[in-house]
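# Below is the sequence, then the predicted model.
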Amino acid sequence: MSKYFGTDGFRGEANKNLTYEHAIKIGRFLGWYYGKNQGKKARIVIGKDTRRSSYMFEYSLVSGLVASGADAYIMHVTTTPSVSYITRTDKFDCGIMISASHNPYYDNGIKLFNFNGEKMDQAVLDEVEDYIDDKFEIPLAERDEIGKTVDYVSGRNRYMGYLISMGKYSFNGVKVGLDCANGASWTIAKGVFDALGAQTYVINANPDGFNINTNCGSTHIEGLQKYVVDNGLDVGFAFDGDADRCLCVDEKGNVITGDHILYIYGLYMKERGKLINNTVVTTVMSNFGLYKALDKVGIDYEKTKVGDKYVYENMVANGHRIGGEQSGHIIFSKYATTGDGILTALKMMEVYLAKEKPMSVLAEPVVFYPQVLKNVRVKSKPEAQNDPDVQAAVAKVAEQLGENGRILVRESGTEPLIRVMVEAGTHEECEKYVDQVIEVIREKGHIA
């Protein structure tokens, strides 16, 4: 388990858990590491979202990089998937994205990508952490070995061109709403949809450094729901702060979740013979209704731990083409190595236009099951999870649910909690079965 880097980078409150000194050290290490491994100056590209602190971290990272002899290419405000894309296509040694994704403005994060635009290898992250903890020293570059900075806004423009090339059909005449979450997509999304001919309506595209994700975007989609209905739009798309997620809103104002997207596009791929291995990759938190819908159309599925990192690892290991999370983190492995919210929106537009059906009709087969999730604070997660009586209680619930629901009991990755989740035909059933398991955890003395 990493000390600083989680499944989505080094994240924390700016200058509290994640400081400018951390950023300098990360830059120092990466500039030195990639330079020494190839015997020449490292080339490293950096992007950031719209948080006030992102500028501080950008300058700190650049300072560390050039002090270690690397050349830093600055894309300025841009999306996480654009950094991944440019790292891969422009052959950078690695990429850095400054963002805390869907978190509030006072948080920030540093995400690292390898040369292929994938999340950084764990072995390298371990070395970064050792350097942060002063376990070894690295030399400063001197004289002509000191690195330089390069304005690389052209990289962002090329990424926009790539997205536009993904538009298989003209969007002419389609009224599309975009919620940019006052985040990184505000510089990109509208231009892409305009170029493809849509009548584009944009909200929450006025970042001020503090309003990123605030009552907007994919984590607060109710604003877009109302906007789509009030303005008679055909469809809406909501991104998060760094635009690696996308949720949709249909013409009636209903939310189209990541689970719906996996079904809609997975079926579209299957119908065209493009769904290699006939499999969609999900996480264990996808709704039971998705699995029932996939069963009906004969599509197989894999279930991974929560986190797009695990979804992508499964896709790579097994050659699957589509996977993602209910939160809207969707990966199309033919086109990207990470979740890409704008690409997801374009792919949903492709299905919408190809099938000539409203988004509400496309999503109709996925009927969500009622779900109840309760968190139980415990003394020891492994002891509570592995208690034979707790396991027996879980097995009993699973047997009672049969094919009409499911139970999931898992440990929190960050807190001393056991999460007990049940999906069933009614909310009352969910409550009953969740409480049944929690009572056994209580009786066995595991609750803190």
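Structure received.
# residue at max distance from the center of the protein?
In the chain, the residue that sits farthest from the middle, by CA atoms, centre = their mean, is Arg143; the gap is 40.9 Å.
# Once you drop chain neighbours, what's closest to the most centrally placed residue in the chain?
Centroid-nearest residue in the chain, with CA atoms, centre = their mean: His329, separated by 4.2 Å. Leaving aside its chain neighbours, His329 sits nearest to Gly339 (4.0 Å; criterion: CB to CB, 6 or more residues apart in numbering). Where you see a C-beta, it was placed from the backbone N, CA and C, and this is true even at glycine.
# Help me confirm that that neighbour comes into contact with Pro81.
Yes. The criterion here is CB atoms under 8 Å, and Gly339 meets it with Pro81 at 6.9 Å.
# Give me the common contacts of the two.
Counting by CB atoms under 8 Å, 6 or more residues apart in numbering, the common neighbours of Gly339 and Pro81 are Asp244.
# Settle this for me: Glu118 is touching Met315, isn't it.
No. Counting by CB under 8 Å, Glu118 stays clear of Met315, with 11.0 Å between them.
# So which residues make contact with stretch 129-137?
Ser2, Lys3, Tyr4, Phe5, His22, Lys25, Ile26, Arg28, Phe29, Ile138.
# Need these in a markdown table (columns: distance to Glu429, neighbour count and pLDDT).
What follows is those, written out as a markdown table (distance: CB to CB, whole Å; neighbours: other CB atoms under 10 Å; pLDDT from 0 to 100):
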| residue | distance to Glu429 | neighbour count | pLDDT |
| --- | --- | --- | --- |
| Ser2 | 39 | 12 | 80 |
| Lys3 | 42 | 12 | 90 |
| Tyr4 | 42 | 18 | 93 |
| Phe5 | 40 | 24 | 93 |
| His22 | 47 | 21 | 98 |
| Lys25 | 52 | 21 | 98 |
| Ile26 | 48 | 26 | 98 |
| Arg28 | 55 | 27 | 98 |
| Phe29 | 52 | 22 | 98 |
| Ile138 | 58 | 16 | 96 |
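# From those, which land in helices?
His22, Lys25, Ile26, Arg28, Phe29 (DSSP state H).
# and the first one, how far is that from Phe29?
I take that to be His22. 11 Å (CB to CB, to the nearest Å).
# How about Glu399?
52 Å.
# rewinding a little: considering the contacts of stretch 129-137, which is situated nearest to Ala392?
Nearest to Ala392 among the contacts of stretch 129-137, counting by CB to CB, is Ser2 at 34.3 Å.
# Looks like that closest one contacts Val128 (just checking).
No. At 9.3 Å, Ser2 does not count as touching Val128 under the criterion of CB under 8 Å.
# what are the pairing partners of the helix or strand where Thr282 lies, and which direction each?
Following DSSP states H and E, one finds Thr282 within strand 279-283. The strands beside strand 279-283 in its sheet (DSSP bridges) come out as strand 300-304 (parallel), strand 322-324 (parallel).
# I'd like the next helix or strand past it.
Next element after strand 279-283 (DSSP H and E): helix 288-296.
# How far off centre is that next one?
23 Å (CA atoms, centre = their mean, to the nearest Å).
# cool, stretch 384-391 as well?
That offset, for stretch 384-391, works out to 32 Å (CA atoms, centre = their mean).
# pull the CA atoms of stretch 304-316 into PDB?
Taking Å, rounded to 0.1, in the frame of the first residue of the first chain, the C-alpha atoms of stretch 304-316 are listed here in PDB:
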ATOM      1  CA  THR A 304     -13.200  -5.600 -10.500                       C
ATOM      2  CA  LYS A 305     -12.500  -3.700  -7.300                       C
ATOM      3  CA  VAL A 306     -13.700  -0.100  -7.200                       C
ATOM      4  CA  GLY A 307     -11.400   2.200  -9.100                       C
ATOM      5  CA  ASP A 308     -10.800   2.800 -12.800                       C
ATOM      6  CA  LYS A 309      -7.200   1.600 -12.300                       C
ATOM      7  CA  TYR A 310      -8.500  -1.900 -11.700                       C
ATOM      8  CA  VAL A 311     -10.900  -1.700 -14.600                       C
ATOM      9  CA  TYR A 312      -8.100  -0.700 -16.900                       C
ATOM     10  CA  GLU A 313      -5.800  -3.500 -15.600                       C
ATOM     11  CA  ASN A 314      -8.500  -6.000 -16.300                       C
ATOM     12  CA  MET A 315      -9.100  -4.700 -19.800                       C
ATOM     13  CA  VAL A 316      -5.400  -4.800 -20.600                       C
END
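# Go ahead and name everything in contact with it.
Under CB under 8 Å, 6+ apart, the answer for stretch 304-316 is 7-8, 118-119, 244, 281-285, 302, 320-325, 329, 331, 333, 337-339, 413.
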